[in-house]
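Student: structure, please.
(one chain, ligands or ions: 1)
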Amino acid sequence: MKILVPVKRVLDYNVKARVKPDQSGVDLSNVKMSMNPFDEISVEEAVRLKEDGKAEEVVVVSIGPEKAQETIRTALAMGADRGILIKTDETVEPLGVAKLLAKVVEEESPDMVVLGKQAIDDDANATGQMLGALLGWPQGTFASKVEIADGAANVTREVDGGLQTIKISLPAIVTTDLRLNEPRYASLPNIMKAKRKPIDMKAPDDYGVDIAPRLQVVKVTEPPKREAGEIVESVEELVSKLKNEAGVL
Ligand code: AMP
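Tutor: Numbering: from 1, shown residues only. From the prediction side, this is the model:
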C-alpha cells in the first residue's frame with residue numbers, strides 16, 4: 001500500500017497571530033512557521049502503518065513556497081520516504097490544493113491519502129472533502145482510529161454524540177483528528193538521514209491546474225480584547241453585578 005500525505009506549512013501554533021495594519025491578512029514576516037499540527041498526526045499515522053507492515057511507501061506533498069521544503073524534511077525525518085514540493089508563492093485556496101492533489105494522485109496512484117482535518121491558518125476544513133469529490137473516492141473524515149484490513153479501512157470518527165465507525169473501500173481519503181495519535185519527535189540520526197531523501201520539485205503549471213483564487217478576503221481583524229476580571233466580596237454582589245452590569249441574569 002502506498003500512502004500520500006499532504007502537509008502544509010503554517011504559522012506555528014504557539015505564535016500569536018499579528019494582523020497586518022491594512023487588515024488584508026495575517027503578517028507572516030519573521031515569524032516561526034511549522035507543519036500544520038493535524039498534518040503531523042497524518043504523517044505519524046502513515047509511518048505507523050508502514051512500521052506495522054501495512055504500507056510500503058509514504059510520500060509527502062506540500063504546496064507552498066520554497067521554504068515548505070523544511071516542512072517536507074520534517075515529515076521525512078519522522079519516517080516518510082520521499083517528498084514532492086509544488087512550489088508557488090501565491091496563496092492557494094482549498095479548491096486549488098485539491099485540484100493539484102488530484103493530479104498528484106493520478107501520477108502516484110496511492111491507496112490512501114491522509115490529510116489533516118483542517119489547516120490551523122485558515123481553518124477551512126475543506127481540502128480532504130474536495131479531493132474526495134474530485135476523485136470520486138470514499139472518505140473517512142475526523143478519524144480518531146484507522147484500521148486497514150482486506151482492502152478497506154475501518155475509520156472511527158468523532159461525531160457529536162460519540163464515536164462512529166465506518167468501513168470504506170480503498171483507495172480512500174482519510175482526514176485526521178486530534179486524538180488519532182501522538183506524533184513522534186524526529187531523532188537526530190533520522191533528521192540527518194532525511195537530508196538524503198529525495199524531494200521532487202514541481203510547479204502548479206506542470207499539472208495544468210488553474211489555482212487563481214475564487215474567494216476575496218474582505219477583512220481580517222483581531223478578536224476583541226478580553227476585559228480584566230474582578231474579584232467580588234459576596235454572592236449578593238456577584239448576582240447584583242451579573243444582573244445590573246453584565247445584564248446576563
Ligand atoms: P484545509 O482544508 O485548508 O483546512 O486543510 C486541510 C488539509 O489539507 C491540511 O491539513 C493538509 O493536509 C491539506 N492541505 C491544505 N493546504 C495544503 C497545502 N498548501 N499543501 C499541502 N497540503 C495542504
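
Student: just give me the neighbour total for the residue lying closest to Pro65 once chain neighbours are set aside.
Tutor: Distances taken as C-beta to C-beta, 6 or more residues apart in numbering place Asp89 nearest to Pro65, at 5.3 Å, with adjacent residues excluded. Placement of C-beta: from N, CA and C, glycine included. Look at Asp89: counted by other C-beta atoms under 10 Å, it has 7 neighbours.

Student: pLDDT score for Asp89?
Tutor: Asp89 is assigned 96 on the pLDDT scale.

Student: that one - that's part of a helix, no?
Tutor: No: counting by DSSP: H, G, I helix; E, B strand; the rest coil, Asp89 is not found in a helix; it is coil.

Student: just give me the neighbour total for the residue of the chain found nearest the ligand.
Tutor: Nearest residue of the chain to the ligand (C-beta to the nearest ligand atom) works out as Gly116 at 2.3 Å. Using other C-beta under 10 Å, Gly116 has 27 other residues around it.

Student: sorry, back to before: for Gly247, see how far away the residue nearest to Pro65 is.
Tutor: 49 Å (C-beta to C-beta, to the nearest Å).

Student: quickly list what the most centrally placed residue in the chain is bridged to.
Tutor: Centroid-nearest residue in the chain: Gly116, 3.5 Å away (criterion: C-alpha atoms, centre = their mean). Bridge pairing for Gly116 (DSSP bridges) gives the partners Thr176.

Student: buried residues in the top strand by length along the chain, which are they?
Tutor: Using DSSP state E to define each element, the chain has its longest strand at strand 139-149. Neighbour-count burial for strand 139-149 flags Gln139, Gly140, Thr141, Phe142, Ala143, Ser144, Lys145, Val146, Ile148 (criterion: 16 or more other C-beta atoms under 10 Å).

Student: now swap in stretch 46-61 and tell me
Tutor: Those would be Ala46, Val47, Arg48, Leu49, Lys50, Lys54, Ala55, Glu57, Val58, Val59, Val60, Val61, for stretch 46-61 by 16+ other C-beta under 10 Å.

Student: now secondary structure too, for these, in CSV please.
Tutor: As requested, the buried residues of stretch 46-61 are arranged in CSV below (three-state DSSP):
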residue, secondary structure
Ala46, helix
Val47, helix
Arg48, helix
Leu49, helix
Lys50, helix
Lys54, coil
Ala55, coil
Glu57, strand
Val58, strand
Val59, strand
Val60, strand
Val61, strand
